[in-house]
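K.L.:
take this sequence and fold it.
(3 chains)
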Amino acid sequence: MRDRLLFTGQLLFTLLVAAFLVVPAGLSIAAGVTVNYFRGIASGVTLEWVAQVWELYAGTILLSYVIALATLAVTLLAGVPAAYALHVRSGKISRMIEELITLPVAIPGLALALALLLTYGGASEFRRSWLFILVGHVIFTIPFMVRSVMAVFATVDVKTLDEGAASLGASPWRRFRDVIVPNAVPGILAGSLMVVTLSLGEFNLTWMLHTPLTKTLPIGLADSYASMRLEVASAYTLIFFIMIIPLLVAMQLFADGKQTR
Amino acid sequence: MSHRSFVGLCLLPLAVVTAAFFLLPMARLIATGAEGPQGLAGYLAILVEPRYRATLINTVLLATATTLVTLIVATIVGMFLQRHRFPGRSILIAMLTFPLAFPGVVVGFMIILLAGRQGVIGDLSSHLTGQKLVFAYSIYGLFLGYLYFSIPRVILTIMAAVQKLDPGLEEAARSLGAGPWAVQRDVVLPALAPAFVASGAIAFATAMGAFGTAFTLATNIDVLPMLIYTEFTLAANFATSAALSVGLGVITWFILALARSFSGSAVAAAG
Amino acid sequence: MSTVGGHGAAVDIKNCGKTFADGTLALEPATLQIARGETLVLLGPSGCGKTTMLRIIAGLEQPDAGGTVLFDGKDMTSLPIERRNVGMVFQSYALFPNMSVAENIAYGLKIRGMPKTERAARVAELVALTNIAGLENRRIDQLSGGQRQRVALARAVAIRPGILLLDEPLTALDAALRERLRGELNRLLRALGITAIYVTHDQAEAMELGDRIVVMRKGAIAQIGSPREIYFAPQNRFVAEFIGAANILETVVENGQLVLPGGRLPIHGAQNLSEAVVMIRPETIGVTSADSAHLSGTIDSVSFVGDRQRLVVSGAAPKPLTIDAPNTIQAKAGERVGLSIAPDAVRLLPPES
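P.N.:
Numbers count the residues shown, from 1 in each chain, chains lettered A, B, ... in the order given. Sure, this is the predicted structure:
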């Protein structure tokens, strides 16, 4: 009897928390396709708001994808080899470098953005281009790629695999290509999903670094929240959900797959 | 090419990117913080100047409250979900974790939909009491926003920690005569301590430094990130905003480093 | 069989020591020659420097300044492992999880630019030789421990290395499998005629596989010799105790005889000594009736272990003697027995070692 009561109590509490998280998201999705949110769903269902968002903000969506993919490319090129180097050279200096490159994760994006603005704000060509935002995103996301790949290295004993390939005559580059990278694929994939998701949703840095001509999706969202009617803001949020949820699902499936393997 | 130089080459791209776009700017930021009229003393302003100090205290209180409430809520929910199997459980878990990737701005909008001028809470309260309850645009709204942000990730951490818990520990405690509450108090909660520290630190650091949610709710909420933002963009007070953001960075870094030295695992803030 | 093996190379190690970055001396400068086609076993407890020695020969570690490694007279010291043409079997096997069994075996050949058809033929040859036919397309995580061991061996010899290096290749397996693979490995090494250097902490492995054994201790070579020399003529107390079971006695000598509490024991080569440290193997002590014996004692315990029985006899020597007796004799605890030990069976050890 007491167990039953306890179970019910906990279940109700959990449902309440779930409602707190899900209800506003549901409201936002509903509002995005409702003719008039104030009058409720009874006023009819429409895609007008979504179309309006597309008209107004298509550029931000496109730029967000461009920046996310460019961020991914840079983090792959710089992060994966670095993860390997930091793993095989397990000295004090490596730990310090690791600590250093992880710092941007611990420092608020606002501080990072200010630092970039103070240093490169004068370089107007660079400042005005989307590359300025790219730089911020790379610094912010690269630790996630490095960590994710290093986590895999820690479980597959790459050091011995590397030595094994070397004993068969493979040069360092061949070893990296044939043995190290293929065995790091789970970490690279997990890191990539993380990097793209973070980049698509990044606001703290981006708000400081953007210009009127380099607006990303979260910037557009903030803009719409401040100045557009609720239905448009909701429709825009809906589009963001549609973009981000497949990534989340992929990440979840990935994590589950790792557990069952 | 020797293996040593190959490994060095592997580090090169990252080293260049980090040096140019992180180390150099951070050095510049720290230098700028000391370039104000007060010089190096500008760094003390965050503690000495009453207005800044009040904001700092406000921010720390908010972050502390967020951390405590998040931990309590997430522990109850996480332990419940990991301990029981019932129909609909996986859907419930999905519902509880899907806000994980929402950026701060979107979280702010969620809070507006809950407690804003057209929010459900206001509708409900005006139906029930005739009073329309609207608190999204205040520090309470921000508090709710940070809960919204932190609860999903802390639930995940707690669930993972509970799953890893050795059931033998609990059984051993019961074999020694401990009742259900004593088992929770003496065995289960202490075993979860590293998870509490790690996820609590993330919640705290996020609530200290995040900017998007506060920005969406209102620009006049009195917290540190908003102060830095207004000093920089509205007052063009570069030195102060640099000093303040260095201070904020040191605080969040310190909290996360402390947590990591306790829990031994990687801990990162999210924004 | 000769088509399978490479030609063995001779190995010359001169003055190779190793000090790690943190200052610990892993290996004192050591000099060692290994003949073509010889199987040399590096044997010792963990931390004795045997793996460091192997890794220096492999080219995975650089020896301290002054050390050189020669293969067939050519200086290899500064060459990394990928340019030494050695085959190596790792303790964890280091099989590439991203490649199939066949791809693993063929990898070294691919690196060497061997055409695909030749590669396939060579893989088929090795698969047959190591008894893993039918597993070619398996993934590594679908193999048992014994199968992995064979794939690792096939991959290492596929490239016809001059020298085969084996780092505790059987340690990860269970006892029964280890014994079976030991026999297979022995036949294979003989058939290939390859120079092999084999690291192990298991003396049974060392005895069966080694043409010569290098016993190592605390970073230094304790003794080099054939398995028989190591077993019957240990040069010091460490080797005597590490290999097999041994009774070590420290006692007074009079007129070339050991003076023991239970009687006197004549030995060779102690004419001029007044004290001696000696080793007696348990299986060289015979059990007789107490009445006529020169040396006698009391049985403390009898443990029946199947093929023999192990007795502990006190009162004969300063400390209880361990004796391996045939399983046919009757022995009871508390019984007085005589002991017969041939003078040849008593081995003098240097006093302080």
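K.L.:
and A:His87, how far from A:Phe153?
P.N.:
Per Cβ to Cβ, to the nearest Å, A:His87 is found 4 Å from A:Phe153. Every residue, glycine included, has its C-beta placed from N, CA and C.
K.L.:
between those two, tell me which one has more neighbours.
P.N.:
A:His87 (23 against 20; other Cβ atoms under 10 Å in any protein chain shown).
K.L.:
can you tell me which residue is nearest the centre of chain C?
P.N.:
C:Ala206 (2.5 Å; Cα atoms, centre = their mean).
K.L.:
quick check: residues of chain C near chain A?
P.N.:
C:21, C:58, C:60, C:80-83, C:85-88, C:90, C:92-98, C:107-108, C:111-112, C:155-156, C:159, C:165 (Cβ under 8 Å from any Cβ of the partner chain).
K.L.:
of the residues you listed, buried ones?
P.N.:
C:58, C:60, C:80-82, C:85-88, C:90, C:93-96, C:98, C:107-108, C:111, C:155-156, C:159, C:165 (16 or more other Cβ atoms under 10 Å in any protein chain shown).
K.L.:
which of those are close to chain B?
P.N.:
Among those, chain B is touched by C:Pro80 when using Cβ under 8 Å from any Cβ.
K.L.:
looking at the buried ones among the residues of chain C next to chain A, which are in helices?
P.N.:
Under the assignment DSSP state H, these contribute C:58, C:107-108, C:111, C:155-156 to helices.
K.L.:
alongside chain A, which residues does the stretch 51-200 of chain B contribute?
P.N.:
B:73, B:76-77, B:80-81, B:84, B:86, B:92, B:94-106, B:108-114, B:118, B:120, B:147-148, B:151-152.
K.L.:
let's go with 6 Å and repeat that
P.N.:
Residues of the stretch 51-200 of chain B lying close to chain A (Cβ under 6 Å from any Cβ of the partner chain) are B:73, B:76-77, B:80, B:92, B:95-96, B:99, B:101, B:103-105, B:109-110, B:113-114.
K.L.:
do a quick rundown of the helices in the chain.
P.N.:
Unless you meant another one, I'm taking chain A. A:2-32, A:48-88, A:92-106, A:109-120, A:124-128, A:130-156, A:158-167, A:172-175, A:181-183, A:185-201, A:204-209, A:217-227, A:230-260.
K.L.:
chain C is the one I meant
P.N.:
Here chain C has its helices, by DSSP H, at C:50-58, C:101-111, C:116-129, C:145-158, C:175-192, C:203-209, C:227-232, C:237-242.
K.L.:
leaving out sequence neighbours, find the closest residue to whatever residue of chain B ends up closest to chain A.
P.N.:
Closest contact between chain B and chain A, by Cβ to the nearest Cβ, is at B:Gly209 (3.1 Å). Distance criterion Cβ to Cβ, 6 or more residues apart in numbering or on different chains; nearest residue to B:Gly209, sequence neighbours excluded, is A:Pro108 at 3.1 Å.
K.L.:
what's around B:Phe21, how many residues?
P.N.:
23.
K.L.:
wait, it touches A:His137, no?
P.N.:
No. Using Cβ atoms under 6 Å, B:Phe21 is not in contact with A:His137, being 10.5 Å away.
K.L.:
hmm, back to that, what's near enough to touch the residue nearest to the centre of chain C?
P.N.:
C:41, C:43, C:200, C:213 (Cβ atoms under 6 Å, 6 or more residues apart in numbering or on different chains).
K.L.:
check what pLDDT it gets.
P.N.:
Looking at C:Ala206, its pLDDT is 94.
K.L.:
ok, so of the ones in helices among the buried ones among the residues of chain C next to chain A, who is nearest chain A?
P.N.:
Closest to chain A, out of all of those and judged by Cβ to the nearest Cβ, is C:Gly108, at 3.3 Å.
K.L.:
how much space between the closest one and B:Ser2?
P.N.:
20 Å.
K.L.:
which ones among the residues of the stretch 51-200 of chain B next to chain A map onto helices?
P.N.:
B:73, B:76-77, B:80, B:92, B:95-96, B:104-105, B:109-110, B:113-114.
K.L.:
want to try JSON lines for these, with distance to A:Ser227 as columns?
P.N.:
Output for these, formatted as JSON lines (distance: Cβ to Cβ, whole Å):
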{"residue": "B:Val73", "distance to A:Ser227": "34"}
{"residue": "B:Ile76", "distance to A:Ser227": "40"}
{"residue": "B:Val77", "distance to A:Ser227": "37"}
{"residue": "B:Phe80", "distance to A:Ser227": "42"}
{"residue": "B:Leu92", "distance to A:Ser227": "36"}
{"residue": "B:Met95", "distance to A:Ser227": "31"}
{"residue": "B:Leu96", "distance to A:Ser227": "32"}
{"residue": "B:Gly104", "distance to A:Ser227": "18"}
{"residue": "B:Val105", "distance to A:Ser227": "13"}
{"residue": "B:Phe109", "distance to A:Ser227": "13"}
{"residue": "B:Met110", "distance to A:Ser227": "18"}
{"residue": "B:Leu113", "distance to A:Ser227": "17"}
{"residue": "B:Leu114", "distance to A:Ser227": "21"}
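K.L.:
spatially, which two of these are the most separated?
P.N.:
For those, the maximum inter-member distance is 30.9 Å, found between B:Phe80 and B:Val105 (Cβ to Cβ).
K.L.:
which one's more surrounded, these two?
P.N.:
B:Val105 (29 against 21).
K.L.:
indicate the residue of the stretch 51-200 of chain C located nearest to chain B.
P.N.:
Closest point on the stretch 51-200 of chain C to chain B, by Cβ to the nearest Cβ, is C:Pro80, at 6.2 Å.
K.L.:
what number of residues lie near the closest residue to that residue other than its chain neighbours?
P.N.:
Spatially, and ignoring its direct neighbours in sequence, C:Pro80 is nearest to C:Gly59 (5.4 Å; Cβ to Cβ, 6+ apart). Counted by other Cβ under 10 Å, the residues lying close to C:Gly59 total 23.
K.L.:
mind listing what C:Gly59 touches?
P.N.:
Here C:Gly59 is in contact with C:79-81, C:84 (criterion: Cβ under 6 Å, 6+ apart).
K.L.:
repeat for C:Ala345
P.N.:
C:Thr284.
K.L.:
how close does the residue nearest to C:Pro80 get to B:Leu248?
P.N.:
51 Å.
K.L.:
check C:Gly73 too.
P.N.:
67 Å.
K.L.:
and for C:Leu79?
P.N.:
Distance, C:Leu79 to B:Leu248, by Cβ to Cβ: 54 Å.
K.L.:
so which bits of the stretch 1-150 of chain A are right by chain B?
P.N.:
Within the stretch 1-150 of chain A, the positions adjacent to chain B are A:10, A:13-14, A:17-18, A:21-22, A:24, A:27-28, A:78, A:81-82, A:84-85, A:88-89, A:101, A:104-111, A:114-116, A:118-119, A:135, A:139, A:147 by Cβ under 6 Å from any Cβ.
K.L.:
if any of these are buried, put those into a ChimeraX selection.
P.N.:
The buried residues among these can be selected in ChimeraX (16+ other Cβ under 10 Å) with this line:
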select /A:10,14,17,18,21,22,24,27,28,78,81,82,84,85,88,89,101,104,105,106,107,108,109,110,111,114,115,116,118,119,135,139,147
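K.L.:
what is the most widely separated pair among the contacts of C:Ala206?
P.N.:
Top of the distance list for the contacts of C:Ala206 (Cβ to Cβ): C:Thr200 and C:Ile213, 9.6 Å.
K.L.:
so those two - more neighbours on which side?
P.N.:
More neighbours surround C:Ile213 than the other of C:Thr200 and C:Ile213, with 29 against 23 (other Cβ under 10 Å).
K.L.:
what about the residue nearest to B:Leu40 when sequence neighbours are not counted, how many residues close to it?
P.N.:
Leaving aside its sequence neighbours, B:Leu40 sits nearest to B:Ala34 (Cβ to Cβ, 6+ apart; 4.8 Å). Here the number of neighbours of B:Ala34 (other Cβ under 10 Å) works out to 16.
K.L.:
can you report phi and psi for B:Ala34?
P.N.:
The phi and psi torsions at B:Ala34 (degrees, to the nearest 10) take the values phi -100, psi 10.
K.L.:
likewise the one 4 residues further on?
P.N.:
Phi and psi for B:Gln38, reported as degrees, to the nearest 10, are phi -90, psi -10.
K.L.:
alright, calling it a day.
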